[in-house]
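Asks: structure for the following, please:
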Amino acid sequence: MLPIQKAPGVTVGIAWWCAMACLGTSAALAQPPGQAAAAAPAGQLAADSTLRIVALGDSTTATAQDWAPEIREVYADCLPRALAARGIKAVVINAGIGDTTTRDAVARLDRDVRRHRPDLVVVQFGINDSWIDVDEGKSQPRLTRAEYRKNLRAIIRRERQDGASVVLMTPNSMRWKDPFYINAFREHPGLLDVSDARGIDKLLETYAQDARDVARSESVPLVDVFRAFEDYGAAPGRSIDEILLASDGIHPNQAGQALVCKLLASRITDVVRR
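Replies: Got it, this is the predicted structure:
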């Protein structure tokens, strides 16, 4: 994700193995022609049936205590506890790195994900992919939507070849807060409308839709964080500002991370118990 002022880690037993077998069938249906689906998870479950999860993402996934100490734990930190409450024992490896895109994710997939032999990989990107580095004289997103979709598919298919399941998440929605970005885009009219509270989402919303479309076409479970954040802010007596960092309006704050954790734990539980 964008660094501040620069550009934006239960035991289920037979039920688990049955769930993975069902997922393996679904994965086979989604494989490109001529590609066989892996028959078993890349990382075999430990003797106590611990689910190994890797969270792959940008700074909305990465530990934030070095630049946002008010965020005590990100969703990857609270996920094992949330899953344990649902009867699922899990260990989560945080592979989030700030200021990265899906292009970077594809390049570091072996190093940061595959070597851990995960049973399940959570993937969340989009804000950096769609970001315009207007302060560097740019007028186009870092990655085109076509490349964003291609990279998401590449990650999903590579992990499926390894036998891992994938849960895809859309990026969270944002609000104008950081004066640095407000001034930068104000000086370049026609890119993002700083007079519109949701103007910062003009491009990001299209990338969120791309993530939904890829999840549908690849038949992978989706957590629609973008829509959940918008729904939260639209509820009576609530504001989306309550779940975003006050300093930038971009990153989920502690409450926002807790919301993502809750949504993700519910989705993973559905996958395991399917």
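Asks: grab the longest helix from this structure for me.
Replies: helix 254-273 (DSSP state H).
Asks: how about that one: buried residues?
Replies: Neighbour-count burial for helix 254-273 flags 254, 256-261, 263-265, 267-269, 271-272 (criterion: 16 or more other C-beta atoms under 10 Å). Any C-beta I mention is one placed from the backbone N, CA and C, and that applies to glycine too.
Asks: check which helices and strands it is in contact with.
Replies: Here helix 254-273 touches helix 13-30, helix 75-84, strand 120-124, strand 165-169, strand 222-223, helix 225-234, going by 3 or more C-beta pairs under 8 Å, 6 or more residues apart in numbering; DSSP states H and E.
Asks: can you confirm residue 55 is in a strand?
Replies: Yes - counting by DSSP: H, G, I helix; E, B strand; the rest coil, one finds residue 55 located in a strand.
Asks: how close does it get to residue 91?
Replies: 11 Å (C-beta to C-beta, to the nearest Å).
Asks: look at these two and report which has more neighbours.
Replies: More neighbours surround residue 55 than the other of residue 55 and residue 91, with 27 against 17 (other C-beta atoms under 10 Å).
Asks: roughly how far does the more buried one sit from residue 224?
Replies: From residue 55 to residue 224 the distance is 17 Å (C-beta to C-beta).
Asks: one more: residue 264?
Replies: Residue 264 is 11 Å from residue 224, by C-beta to C-beta.
Asks: cool, and residue 130?
Replies: 16 Å.
Asks: comparing the two, which shows the higher neighbour count?
Replies: Neighbours per residue, other C-beta under 10 Å: of residue 130 and residue 224, the larger number sits with residue 130, 25 against 18.
Asks: worst mean pLDDT among the helices and strands packed on helix 254-273?
Replies: Of all the helices and strands packed on helix 254-273, the minimum mean pLDDT falls on helix 13-30 (a mean of 34).
Asks: what is the burial count for residue 214?
Replies: Neighbour count for residue 214, taken as other C-beta under 10 Å: 21.
Asks: pretty sure it is touching residue 151, no?
Replies: No - when contacts are counted by C-beta atoms under 8 Å, residue 214 is not listed as touching residue 151 (9.5 Å).
Asks: in what helix or strand does residue 62 lie?
Replies: Secondary structure assignment for residue 62, by DSSP states H and E: no helix or strand.
Asks: pull out the buried positions in stretch 96-109.
Replies: 96-106, 109.
Asks: what's near enough to touch residue 198?
Replies: Each residue near residue 198 by C-beta atoms under 8 Å, 6 or more residues apart in numbering is listed here: 173, 175.
Asks: now it: phi and psi?
Replies: Main-chain dihedrals, residue 198, degrees, to the nearest 10: phi -100, psi 10.
Asks: if I look at it, how far off is residue 100?
Replies: Separation of residue 198 from residue 100 (C-beta to C-beta) stands at 25 Å.
Asks: backbone torsions only: list them for the residue of the chain most remote from its centre.
Replies: Residue farthest from the centre of the chain, counting by C-alpha atoms, centre = their mean, is residue 187 at 31.0 Å. Dihedral pair for residue 187: phi -80, psi -10, per degrees, to the nearest 10.
Asks: what's the answer for residue 62, then?
Replies: Dihedral angles (degrees, to the nearest 10) for residue 62: phi -60, psi 150.
Asks: what's the pLDDT at it?
Replies: If you check residue 62, the pLDDT there is 98.
Asks: can you check the one 4 residues further on too?
Replies: At residue 66, the model reports a pLDDT of 88.
Asks: ok, how many other residues are close to it?
Replies: 8.
Asks: now do residue 138
Replies: Residue 138 - counted by other C-beta under 10 Å - has 14 other residues nearby.
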